[in-house]
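Peer 1: Mind folding the following:
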Amino acid sequence: MAIKDLYQSGDWKAEKHVPVIEAPEKIKKGEALKIEVSVGKQIAHPNTTEHHIVWIDVYFHADGAKFPVQIGRFDFSSHGASAEGPNTSTIYSMPQAVISFKTDKSGKILATSYCNIHGLWENSKAVIVE
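Peer 2: The predicted structure is shown next:
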């Protein structure tokens with residue numbers, strides 16, 4: 001089995017684990033592309049010591065390029081755990097991030113996320129550069 005076979009996908013409006021990519025569909029050359037990525041936008045994902053999103057990775061795969069480029073990695077490390085035990089802290093990371101970058105080529109934004117119980121998830125969104 002290859003790692004690509006382990007990624008799950010779905011409609012983020014019906015599946016709380018799919019990373020949601022919010023970005024414009026078109027930008028102008030030289031313009032910064034602002035991306036918001038999150039997990040649990042429509043259906044809240046639990047954020048507890050026992051069940052949480054560990055990380056989100058964001059890539060851009062330009063049309064015609066052999067490989068995607070990693071734009072950012074976001075680790076979420078506070079899930080209510082403390083020395084007193086699970087869910088005893090008042091600090092809980094929210095699985096959401098914002099990142100911007102520039103490109104002169106159209107392509108796809110790719111986002112992957114990891115849930116400590118339900119594994120790897122993916123989503124993508126096309127962007128046209130005019």
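Peer 1: any idea how far residue 94 lies from residue 37?
Peer 2: Distance of residue 94 to residue 37, computed by CB to CB, to the nearest Å: 12 Å. Heads up, the C-betas are built off the backbone N, CA and C, glycines and all.
Peer 1: Those two - which one has more neighbours?
Peer 2: Using other CB atoms under 10 Å as the criterion, residue 94 and residue 37 rank with residue 37 on top: 27 against 13.
Peer 1: My understanding was that the more buried one contacts residue 21; is that so?
Peer 2: Yes - between residue 37 and residue 21 there is a contact under CB atoms under 8 Å: 5.6 Å.
Peer 1: can you give me the strands for this protein?
Peer 2: 19-22, 26-27, 32-39, 53-62, 69-75, 96-102, 107-115, 119-129 (DSSP state E).
Peer 1: could you point out where the chain is predicted with low confidence?
Peer 2: By pLDDT under 70, the chain contains no weakly predicted segment.
Peer 1: wait, doesn't residue 20 sit right on residue 35?
Peer 2: No - counting by CB under 8 Å, residue 35 is not a contact partner of residue 20; they are 10.6 Å apart.
Peer 1: before we move on, the earlier item: overlap of the contact sets of residue 37 and residue 21?
Peer 2: Shared contacts of residue 37 and residue 21, defined by CB atoms under 8 Å, 6 or more residues apart in numbering, are found at residue 111.
Peer 1: can the strands of the chain go into a markdown table with extra columns for distance to residue 89?
Peer 2: Formatted as a markdown table, these follow (distance: least, CB to CB, whole Å):
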| stretch | distance to residue 89 |
| --- | --- |
| strand 19-22 | 25 |
| strand 26-27 | 40 |
| strand 32-39 | 20 |
| strand 53-62 | 17 |
| strand 69-75 | 17 |
| strand 96-102 | 19 |
| strand 107-115 | 20 |
| strand 119-129 | 25 |
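Peer 1: Right, I'll call it a day here.
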